[in-house]
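# everything below, folded, please.
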Amino acid sequence: MRRIETAGGPSGSSEKAEEVSGALAGNSNTVDWRELESWLRTERRRASARLLWADRELEEIIAGANGANTDDEHDPEGATIAYERARAAALGDQAAASLVAIDRQLERVEQGTLTVCECCGGKISLERLEAVVTTRRCIECERGRRARP
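Here you go, the predicted structure:
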């Protein structure tokens, strides 16, 4: 089981774009840091809940498979245990990565460097933060990074 602090909360993020837009609302030169921090903390709780769910799901799959004498690789009735295991592990990895990215952004909010590109020191536009709230690079640096082989 992963050792990341979890705080329960609802999973999913269907209102993500609206919430981020609300957190970044205002004129084009200011950020409502408290709203953005609140939104990040809400997303952290959601990611923590997803991680906890995935870890429990994986444990249940492993426990259910132990001692079972099944040939699930040739079972036409459903998904294989290996598939279910890989799916739960991937969902857990994704949630853990989200937690790390969100925690980095919360640190940047505290330091007042959220809109500073970590590569060039330039400004990260508010539009970019609306689109990818966990970004640490301006659009120019991100384009350059993706263009390299």
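# find the nearest non-adjacent residue to T134, please.
Using CB to CB, 6 or more residues apart in numbering and skipping the chain neighbours, the partner closest in space to T134 is A101 (4.0 Å). For every residue, glycine as well, the C-beta is placed using N, CA and C.
# longest helix anywhere in this protein?
Using DSSP state H, we find that the single longest helix of the chain is helix 33-65.
# for R145, helix, strand, or coil?
Following DSSP: H, G, I helix; E, B strand; the rest coil, R145 is assigned to helix.
# where does the closest residue to it other than its chain neighbours fall, helix, sheet strand or coil?
Computed as CB to CB, 6+ apart, the closest residue to R145 that is not its neighbour in sequence is R137, at 7.0 Å. What three-state DSSP gives for R137 is coil.
# contact partners for R137?
Contact analysis of R137 by CB atoms under 8 Å, 6 or more residues apart in numbering lists C117, E118, C119, I124, R145.
# backbone dihedrals for it, please?
When read as degrees, to the nearest 10, the backbone of R137 gives phi -130, psi 150.
# and it, how far from D93?
22 Å (CB to CB, to the nearest Å).
# what of Q105?
Relative to D93, and taking CB to CB, Q105 is found at 19 Å.
# between these two, who's got more neighbours?
Q105 (21 against 13; other CB atoms under 10 Å).
# helix or strand with the lowest mean pLDDT in the protein?
helix 16-23 (a mean of 45; mean pLDDT, DSSP states H and E).
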